[in-house]
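Engineer: Whatever this is, show me its structure:
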Amino acid sequence: MKIEKFEDIIAWQKAKDLTVALYSILKNNKDFSFRDQLQRSSVSIMNNIAEGFERKTNNEFKHFLFIAKGSAGELRSMLYLAKELKYMDMKDFDVNYVNVVVISKMLSNFIKTL
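Structural biologist: Presented below is the predicted three-dimensional model:
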């Protein structure tokens, strides 16, 4: 399948779904700075995939995919804090952690193909 727009990229789709899930889980969390940082790292994954794709060169796209991958690492780190601080239960942690690891692996593979 040819990717014609960033919305066709499965890693972007998964990152968007992850972001929506995290917004929902944390919607009533009153630790605003923590919640905002976690959400920003999640949004950063999907937005860097989109921005990189729109740059239309493989080198620039790869650069933005590396940034998205870095944001995925930040998000994994924040998920540990969310669990430890009891902002998220173990089930939500497990599901979201696995999802961000899958996205990170997809980004690695995408980078290798470029």
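Engineer: Which stretches in this protein count as helices?
Structural biologist: All helices of the chain, identified by DSSP state H, fall at 10-25, 32-54, 58-84, 90-113.
Engineer: Nearest to Glu4 among these would be which one?
Structural biologist: helix 32-54 (10.0 Å; Cβ to Cβ). Using the backbone N, CA and C atoms, a C-beta is placed for each residue, glycine as well.
Engineer: Could you list every helix and strand that the closest one packs against?
Structural biologist: Helix 32-54 makes packing contacts with helix 10-25, helix 58-84, helix 90-113 when contacts are defined by 3 or more Cβ pairs under 8 Å, 6 or more residues apart in numbering; DSSP states H and E.
Engineer: redo that, cut-off 7 Å
Structural biologist: helix 10-25, helix 58-84 (3 or more Cβ pairs under 7 Å, 6 or more residues apart in numbering; DSSP states H and E).
Engineer: now the ones you listed in CSV, with mean pLDDT?
Structural biologist: Shown next, in CSV, are the helices and strands packed on helix 32-54 (pLDDT from 0 to 100):
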stretch, mean pLDDT
helix 10-25, 98
helix 58-84, 98
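Engineer: Reformat these into TSV and put mean neighbour count and distance to Ser42 next to each item.
Structural biologist: TSV is the format used below for the helices and strands packed on helix 32-54 (neighbours: other Cβ atoms under 10 Å; distance: least, Cβ to Cβ, whole Å):
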stretch	mean neighbour count	distance to Ser42
helix 10-25	18	4
helix 58-84	18	5
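Engineer: Can you lay out those helices as TSV showing distance to Tyr97?
Structural biologist: As requested, the helices and strands packed on helix 32-54 are arranged in TSV below (distance: least, Cβ to Cβ, whole Å):
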stretch	distance to Tyr97
helix 10-25	10
helix 58-84	5
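Engineer: right, so of these, which gets closest to Ala50?
Structural biologist: Closest to Ala50 of those is helix 10-25 (Cβ to Cβ; 6.2 Å).
Engineer: coming back round to it: same list (the helices of the chain) but as TSV, adding distance to Lys2.
Structural biologist: Converted to TSV, the helices of the chain look like this (distance: least, Cβ to Cβ, whole Å):
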stretch	distance to Lys2
helix 10-25	13
helix 32-54	13
helix 58-84	15
helix 90-113	13
